[in-house]
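Colleague: starting from these lines, generate the structure:
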Amino acid sequence: MTLDEETVRKALRSLTEQAMVRSASGDSRVAKFEHRLNELYNFHRHEIAILCVLMLRGAQTPGELRTRSERLYAFEDLDAVHAALNLLMRRDPPLVKVLPRQPGTKESRYTQLLAGDVVSEEKASIPDEPGHVVAPPPAGRPSADADRVSDLESEVRQLRRELETLREQFATFQRQFQ
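Modeller: Predicted coordinates for the structure are as follows:
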């Protein structure tokens, strides 16, 4: 991640206004800040570790979370990771959700909800079948998503037609040399 100094200053200013961070600099020449998540939301260290990794790296499996959060919190085993994930899912509002397992994968992945709900990659992917009909968006979902999906489907149909035309032209071209 590459950020310019002004972007970092704006983010810190916003987080300070929300009481999510505070200055932690002492005699240092460089300003330092610390988060206040555990004070504001009554988080435990293992919950903060999971949220940090999910925010930085995106959706993760419990095994990935255990390995990648090692510097923030050392989980004893995968059961401890699952327990922390369950705590975060049971909060009101939930802060973590499990994503549907992707084809060919052994484990489900989890994602954070602090930045809002996410559409799983499986649902967002474009189907291979030409006659596939997409289900209407769930209630409460903005119609912009439906419009976007419709536009993407239209573009895929157009690209398939162009590909078929190119295949026919290539076959005609090949027959000239046979």
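
Colleague: contacts and neighbour counts: CA atoms only from here.
Modeller: Noted.

Colleague: now Val53: closest residue in space that isn't a chain neighbour?
Modeller: In this structure, Val53 finds its nearest non-sequential neighbour in Ser69, 6.3 Å apart by Cα to Cα, 6 or more residues apart in numbering.

Colleague: hang on, the one you found packs against Ala49?
Modeller: Yes: if you go by Cα atoms under 8 Å, Ser69 and Ala49 touch, sitting 5.7 Å apart.

Colleague: ok, the residue nearest to Val53 to Met20 distance?
Modeller: Note on Ser69: its distance to Met20, by Cα to Cα, to the nearest Å, is 21 Å.

Colleague: if we can go back for a sec, got the contact list for the residue nearest to Val53?
Modeller: Going by Cα atoms under 8 Å, 6 or more residues apart in numbering, Ser69 touches Ala49, Ile50, Val53.

Colleague: list the buried residues of the host helix or strand of Thr16.
Modeller: Secondary structure assignment for Thr16, by DSSP states H and E: helix 5-17. Residues of helix 5-17 classed as buried by neighbour count (16 or more other Cα atoms under 10 Å): Leu12, Thr16.

Colleague: can you find the helix or strand in this protein with the smallest mean pLDDT?
Modeller: Lowest on mean pLDDT, DSSP states H and E among the helices and strands of the chain sits helix 121-124, with a mean of 44.

Colleague: phi, psi of Arg22?
Modeller: phi -140, psi 160 (degrees, to the nearest 10).

Colleague: okay, and the beta partners of it?
Modeller: Residues in a beta bridge with Arg22, per DSSP bridges, are Glu34.

Colleague: next up, the contacts around it.
Modeller: With Cα under 8 Å, 6+ apart, Arg22 has these contacts: Thr16, Phe33, Glu34, His35, Arg36.

Colleague: residues in contact with the spatially most central residue of the chain?
Modeller: In the chain, the C-alpha nearest the mean C-alpha coordinate belongs to Gly58, at 4.4 Å (Cα atoms, centre = their mean). By Cα under 8 Å, 6+ apart, the residues touching Gly58 are Thr111, Gln112.

Colleague: buried stuff in the helix or strand containing Arg167?
Modeller: Per DSSP H and E, Arg167 falls inside helix 143-175. Neighbour-count burial for helix 143-175 flags Ala146, Val149, Glu153, Val156 (criterion: 16+ other Cα under 10 Å).

Colleague: same check, this time on stretch 85-93
Modeller: Going by 16+ other Cα under 10 Å, stretch 85-93 has these buried residues: Leu85, Asn86, Leu88, Met89.
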